[in-house]
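**Q** Here is the input, now give the coordinates:
(2 chains)
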Amino acid sequence: MKSDGIPSGCAISGLMSEDGRRIGGKVIIQSIACMHDRSNGLGGGFAAYGIYPKRKDMYAFHMMFDNMQAKENTEEFFKDHFNVDKDEAIPTQRQNGVSNPPILWRYFLEVPENKLEFLSERDYVTKTVMKIHSEIDGAFVASSGMNMGAFKGVGYPEDIGSFYKLEDYNAYIWTSHGRFPTNTPGWWGGAHPFTLLDWSVVHNGEISSYGINKRYLEMFGYKLELRTDTEVIAYMFDLLVRKHKLPIEKAVEALAAPFWKDIDRMEPQKKKMAIALRHVYGSTLLNGPFSIIIGHSRGMIGLNDRIKLRPMTAARKDDMLYMASEESAIREIAPDLDEVWSPRAGTPVFGILKAEVE
Amino acid sequence: MESQLPAEFIVNIDHERCRRCKRCVINCSFSAIEFKDKVTINNRQCVACHRCATFCPESAITITQNPLDYKDGYNWSPEIRKNILKQAESGGIILTGMGNPKPYPIYWDHMLIDACQVTNPSIDPLREPMELRTYLGAKPESLEFEGDINNISLKTELAPQVKLDIPVVFAAMSYGAISLNAHKALAMAAKRMGTLMNTGEGGLHEDLAGYTDRIIVQVASGRFGVTSKYLNNSALVEIKIGQGAKPGIGGHLPGEKVGEDISKTRMIPVGTDALSPAPHHDIYSIEDLSQLIYAIKETTDYKKPVSVKIAAVHNVAAIASGIVRAGADIVMIDGFRGGTGAAPMIIRDHVGIPIELALAAVDDRLRQEGIRNRASILVGGSIRQSADVVKAIALGADACVIGTASLIAMGCRVCQKCYTGNCAWGIATQKPELVRRLNPEVGADRLCNLLTAWGHEIQEVLGSLGINAIESLRGSRERLRGVGLSQETLDILGIKHAGIGQ
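**A** As a prediction, the model looks like this:
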């Protein structure tokens, strides 16, 4: 929640098996814990993909409720809008450094046919998420994608990971975040990752163009209730890739567009596309310092701002792709690497799922 | 009738310093200075254009307001009393020039800009790229690509776009209202700076043929000089519906100004009044406007963006939305403080609304309707400094237009006597001996310097905001805060009051 604190330091780490092998959560906790000093205990979180293979075709809603009333209201709402296949408490354990959690509950939902007369299933789910945030007091959707989930809260990331017992989950993509806001948020929903459908974003930095990014998204019906700059990134991917159907490479080019001086030197076809992207998607340009890792069901993307004002290192080993704020966080879990590099400003790193996963 | 009007200004000559060179006599185009053994003054003629004082080699001339006090009266201000005297003597509408000088609130001066501290770094424009490049024209809502990622190409056809290296364009001022030399200076500067000048409604003089890719050609209700060649020799075409200084009012260039050259350019006989009707007589509603937009697009083979210029009036947001839906690629909004060569004072000073509020309302409305991408927004009507440009862009404008500021750069002293045709600086005049005073090359240099300076200033502000492209400022109202504004004004501007964080 931006009003409560502007992320300044922050650590991010992500790993992916491009072959779709599932990896236990212990590894990612170990990686993010290595960058303990980049966070201050006011927020940590994880996104994990491939964790619900048994219900992989259902929307897994990870919910945070401030009180029982909010839970009841949301459940009432779910009953009207979805078929609820299963709901249960998200398993947690006592953990030093993690206190006052909200009620954490997950729901596996299917969209009834009759709800989809005028809009697509994913639009319907998106609308539902916006509706919960704007209309149900004390309810917060931590994640809403299929076969994935976000686990986040107030505390150091390694404590949050242990609190959620992440060692019990296996995922082919893990991303994580340790937060260093400049004052106390004390709000669990404000921790990273931010998500929508299967998009998740962990973010180190600040979006100085937040004002226009937000107004642009609002034009397309997104409600930005969380007042955080990170939220816009998740919605931007949803708009550009899912709704406008841009190839993901082009969406990334819109968000961290090349400079005009470089565009002017491109060969004609490439130049035409680059100019058109800046014409049409100028309002989606993310300006300001950032390094981000975006997760989605088919891959993972690492991206820096146009002049690289935040750190990011990437590495590969066999089918594994790693990205983190610091190389140490990668070496901590994979000392022996095939390739380590520091991605250039505005140049994305793509991890692409090569196999089908269950 | 003998005039009872007192002189507005007193010209003081320091006769000890005066060396009787008569330069002031030659320079005064308002007959306020004569030479009878020594320099003598007819104060009633002085308009405070500063031409004499500027060119006096001894700095022996000062000009002061006439200190003739009236009996106090808040309600019956000296100006109101003088206007009544004028009308009692003339029986006519009071004519005036330049923009509204009345002390209405200037909202630009009640908005402050954000800057980065600690958590997000500011950027040094001397070390890092800082992009001001702007494109005017309609953009689609989204793009479509085809082919796989290794052989990808753009499927969407884009509407024509006009590139600006700096988001500041010279405002429409017609050849007739201003001199050919002023037009030449504006055209040269526009070309050198990668921006645009605007012919206004008086047609395009053949001497400007080499600059047409940097010229906005205007189609106004008088249709002066409008031919298919005129429309095609342009960067873009603008349909002028209204002007901020005189919304709902037509134009009138007196016959005395219509000499050989203007007659040719405007395609009207020498010595006839050039009358622009109040409305376009073929536009009585929005569907008529749409027809004219598409008639122009057909004529220009859909290669030129078409802009529609309107004055900022109460219902400006709905009107702008209609204009966009009618097919315009650009909406140009002219605020109530915008300049004019000649307008009735009652209209200039009392009709229209401030550009700040109009801009905010239009940008909001187009966003609510999801059509903001479909047209660029240009705003003018008293953009005085680069800070106004920054604030306008943050409110949602694509670029600003400057008229008065560009004239001041060329020498104008805003004496508001444009309608007399006696401009001592060779700008708002057609008298050859006065026009000659403005050297187009020097005028262009001064205009380029102004834009260069503003460009640097805008880059500094972007850097302090921690952004390196103008599109990250455009519409980013979060980076503005109001001071001393009512909640209602803040709501219209879509900004928070200073002291409120994010």
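
**Q** Which parts of the stretch 51-200 of chain A are strands?
**A** A:59-65, A:83-89, A:103-110, A:139-143, A:148-153, A:170-171, A:173-178, A:194-196, A:199-205 (DSSP state E, counting those that start in this stretch).

**Q** The longest one pairs with which strands, parallel or anti?
**A** Strands that pair with strand A:103-110, judged by DSSP bridges, come out as strand A:59-65 (antiparallel), strand A:83-89 (antiparallel).

**Q** Can you report how many residues lie near the residue in chain B positioned nearest to chain A?
**A** Of all residues in chain B, residue B:478 sits closest to chain A, at 2.9 Å by Cβ to the nearest Cβ. (Glycine included, C-beta is placed from N, CA and C.) Residue B:478 has 21 neighbours, counted by other Cβ atoms under 10 Å in any protein chain shown.

**Q** what about the residue nearest to it when sequence neighbours are not counted, which helix or strand?
**A** Once flanking residues are discounted, residue B:478 sits nearest to residue A:211: 2.9 Å by Cβ to Cβ, 6 or more residues apart in numbering or on different chains. Using DSSP states H and E, residue A:211 sits within helix A:210-219.

**Q** Give the buried residues for whichever helix or strand comes after that helix.
**A** Moving toward the C-terminus from helix A:210-219, the next helix or strand (DSSP H and E) is helix A:229-237. Residues of helix A:229-237 classed as buried by neighbour count (16 or more other Cβ atoms under 10 Å in any protein chain shown): A:229, A:230, A:231, A:232, A:233, A:234, A:235, A:236, A:237.

**Q** can you check stretch B:333-347 too?
**A** Those would be B:333-345, B:347, for stretch B:333-347 by 16+ other Cβ under 10 Å.

**Q** State the three-state secondary structure for residue B:237.
**A** Following DSSP: H, G, I helix; E, B strand; the rest coil, the label given to residue B:237 is strand.

**Q** least trustworthy helix or strand in the chain by mean pLDDT?
**A** Unless you meant another one, I'm taking chain A. Lowest mean confidence among the helices and strands of chain A (mean pLDDT, DSSP states H and E): helix A:229-237, at a mean of 91.

**Q** wrong one, I was asking about chain B
**A** strand B:251-253 (a mean of 85).

**Q** hang on, the earlier thing: and the strands paired with strand A:103-110, which is most packed in?
**A** Greatest average neighbour count among the strands paired with strand A:103-110 goes to strand A:59-65 (a mean of 23), per mean count of other Cβ atoms under 10 Å in any protein chain shown.

**Q** Contact partners for the closest residue to residue B:213 other than its chain neighbours?
**A** Spatial nearest neighbour of residue B:213, excluding adjacent residues (Cβ to Cβ, 6+ apart): residue B:235 at 5.6 Å. By Cβ atoms under 8 Å, 6 or more residues apart in numbering or on different chains, the contact set of residue B:235 is B:162, B:196, B:212, B:213, B:214, B:215, B:216, B:304.

**Q** Narrow those to those that are buried.
**A** Neighbour-count burial (16+ other Cβ under 10 Å) applied to the contacts of residue B:235 gives B:162, B:196, B:212, B:214, B:215, B:216, B:304.

**Q** follow-up on the earlier one: please tell me I have it right and the residue nearest to residue B:478 contacts residue B:475.
**A** Yes - contact status for residue A:211 versus residue B:475: in contact at 7.4 Å, counting by Cβ atoms under 8 Å.

**Q** In chain A, which residue sits nearest chain B?
**A** As assessed by Cβ to the nearest Cβ, chain B sits closest to residue A:211 within chain A, at 2.9 Å.

**Q** In stretch A:72-80, which residues are buried?
**A** Using 16+ other Cβ under 10 Å as the test for burial, stretch A:72-80 gives A:73, A:74, A:75, A:77, A:78.

**Q** dump the residue contacts of the fourth one.
**A** Put plainly, it is residue A:77. A:131, A:132, A:136.

**Q** Ok, the first one next?
**A** The neighbourhood of residue A:73, defined by Cβ under 8 Å, 6+ apart, consists of A:136, A:137, A:139.

**Q** And those residues, which is closest to residue A:220?
**A** residue A:136 (22.4 Å; Cβ to Cβ).

**Q** gap between that closest one and residue A:107?
**A** 13 Å (Cβ to Cβ, to the nearest Å).

**Q** How about residue B:375?
**A** Residue B:375 sits 44 Å away from residue A:107, going by Cβ to Cβ.

**Q** More neighbours: which of the two?
**A** Using other Cβ under 10 Å as the criterion, residue B:375 and residue A:107 rank with residue B:375 on top: 29 against 21.

**Q** what about the closest residue to the more buried one other than its chain neighbours, which SS state?
**A** With Cβ to Cβ, 6+ apart as the criterion, residue B:375 has its nearest non-adjacent residue at 4.5 Å, and that residue is residue B:324. Following three-state DSSP, residue B:324 is assigned to helix.

**Q** Tell me who's in contact with residue B:324.
**A** Residue B:324 is in contact with B:331, B:366, B:371, B:374, B:375, counting by Cβ under 8 Å, 6+ apart.

**Q** thinking residue A:66 is in contact with residue A:138, fair?
**A** Yes - Residue A:66 is within contact range of residue A:138, at 3.4 Å (criterion: Cβ under 8 Å).

**Q** about what we covered before: just the buried residues of stretch B:333-347: which are in strands?
**A** B:333, B:334, B:343, B:344 (DSSP state E).

**Q** quick one, phi psi at the closest residue in space to the last one that isn't next to it in sequence?
**A** With Cβ to Cβ, 6+ apart as the criterion, residue B:344 has its nearest non-adjacent residue at 4.7 Å, and that residue is residue B:93. Comment: the main-chain dihedrals of residue B:93 come out as phi -70, psi 140, following degrees, to the nearest 10.

**Q** what's the neighbour count on residue B:93?
**A** Residue B:93: 12 surrounding residues under other Cβ under 10 Å.

**Q** Also the one 5 residues further on?
**A** Residues contacting residue B:98 under the criterion other Cβ under 10 Å number 26.

**Q** How about the one 4 residues further on?
**A** Counted with other Cβ under 10 Å, residues neighbouring residue B:102 total 11.

**Q** For the closest residue to it other than its chain neighbours, what is the enclosing helix or strand?
**A** Leaving aside its sequence neighbours, residue B:102 sits nearest to residue B:349 (Cβ to Cβ, 6+ apart; 5.3 Å). Secondary structure from DSSP H and E places residue B:349 in helix B:345-350.

**Q** From the chain's centre, how far out is that helix? Work that out for me.
**A** Between the centre of helix B:345-350 and the centre of its host chain there is 17 Å, according to Cα atoms, centre = their mean, to the nearest Å.

**Q** export it as PDB, just CAs?
**A** C-alpha atoms of helix B:345-350 as PDB (Å, rounded to 0.1, in the frame of the first residue of the first chain):
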ATOM      1  CA  MET B 345     -13.300  43.900 -25.100                       C
ATOM      2  CA  ILE B 346     -16.600  42.700 -23.700                       C
ATOM      3  CA  ILE B 347     -16.000  39.300 -25.300                       C
ATOM      4  CA  ARG B 348     -12.300  39.000 -24.600                       C
ATOM      5  CA  ASP B 349     -12.700  39.900 -20.900                       C
ATOM      6  CA  HIS B 350     -15.900  38.100 -20.000                       C
END
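
**Q** Noted, bye for now.
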